[in-house]
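Trainee: Only the shape, not the letters, is given here:
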C-alpha cells in the first residue's frame, strides 16, 4: 500500500529504485518526472494462479508536472513460478507493459484468449438429449489463469446475486464475503445453445463471475441464463459451483 504521507519525490525515487529496468526509461521522461508536484497511484489489474505459484499486479502511477501536464509510469509487480521474490519493472506505456507480460509469462493480457465457447453447428434447436450430451462432454473443472480487472466488483457481485431467481441461490454468507471484492473477471464457460425443452425452444448459457477479495481469496459465482421457462421469458440462476450450475442446466434441458 502507498504511504499517504510520502512525498512525490520520495515516491518516484522508491519506484525507480526497486524497478529492475528503470534504466530503460526514456531520459526525457525521467527528466520531466523530476519536476513532478503531485502523484496518484492505482491498481490496474491483478492476476492470480495459486496452483502455478504465479502472481502479478499492474499499477498505474500518474504525476502532475510543473508545466501543467501529466505523465504516467506503468509498474508490473510479479512473482514467477516457484519463486517467492516479488520483482518490479516500470514502463512508459500500457502497451510496453503488455509486451512484458507476454515475455515473462508467455501469454496475452486479459481478453486476448477467451475460453472455448460451445456453439451449435446448425440454426435449428437441438433436442434435450443433445444438450445433455454437450454438458456431459464438457471438460472437467480446472483452475483457470486469472486476469482480474479492478472495478466496482462488490457492486457487480451484488447485482449478480440480486437477479438470481433460483431458491437455492447463494445466501448471506457468500454475499458478505463478496462485499470485500475489489476485482473480478467474467468468462463464458458454456456458449449460448438452443435446444428443445418440454417441446419448446430454449437457450442456455453459463458464465463464471470470478472475484478476488481484499485478503487474496478467490470466489466464483456461476450464472446460468436460460429461457426454459413456462412462458419462454429470460431467467437467471446463480450457483456457488460449476457442478451445481451444470446440474441445473441438465435438469432444465430434460425432455419430460
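Mentor: All right, it came through fine. Quick caveat: nothing in here was measured; it's all calculated off a predicted structure. Residues are numbered from 1 along each chain as shown.

Trainee: contacts, neighbours, all on C-alpha from now
Mentor: Will do.

Trainee: what sits against the residue nearest the centre of the chain?
Mentor: Residue closest to the mean C-alpha point of the chain, counted by CA atoms, centre = their mean, is residue 185 at 2.3 Å. With contact set as CA atoms under 8 Å, 6 or more residues apart in numbering, residue 185 has these partners: 146, 147, 148, 149, 208, 209, 210, 211.

Trainee: what separates it from residue 78, distance-wise?
Mentor: Using CA to CA, to the nearest Å, we find residue 185 at a distance of 19 Å from residue 78.

Trainee: Show me which residues of stretch 27-45 are buried.
Mentor: 30, 32, 33, 34, 36, 37, 39, 41, 43, 44, 45 (16 or more other CA atoms under 10 Å).

Trainee: do stretch 224-243 as well
Mentor: Judged by neighbour count using 16+ other CA under 10 Å, the buried positions of stretch 224-243 are 224-228, 235-242.

Trainee: just these now: which is nearest residue 179?
Mentor: residue 240 (15.6 Å; CA to CA).

Trainee: In the stretch 151-256 of the chain, mark out all the helices, start to finish.
Mentor: Using DSSP state H, counting those that start in this stretch, the helices of the stretch 151-256 of the chain run over 153-163, 172-178, 242-253.

Trainee: can you put those in CSV and add distance to residue 102?
Mentor: Below are the helices of the stretch 151-256 of the chain laid out as CSV (distance: least, CA to CA, whole Å):
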stretch, distance to residue 102
helix 153-163, 26
helix 172-178, 31
helix 242-253, 29
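
Trainee: To residue 18, which of those lies closest?
Mentor: Distance to residue 18, taken as CA to CA, is lowest for helix 153-163 among the helices of the stretch 151-256 of the chain, at 30.1 Å.

Trainee: who touches that closest one?
Mentor: Applying CA under 8 Å, 6+ apart, the set of residues contacting helix 153-163 is 169-170, 175, 178-184, 211, 223, 236-238.

Trainee: What of stretch 214-224?
Mentor: For stretch 214-224, contacts defined as CA under 8 Å, 6+ apart pick out 160, 178, 180-182, 204-213, 236-242, 245, 249.

Trainee: got the buried residues for that stretch?
Mentor: Residues of stretch 214-224 classed as buried by neighbour count (16+ other CA under 10 Å): 218, 219, 220, 221, 222, 223, 224.
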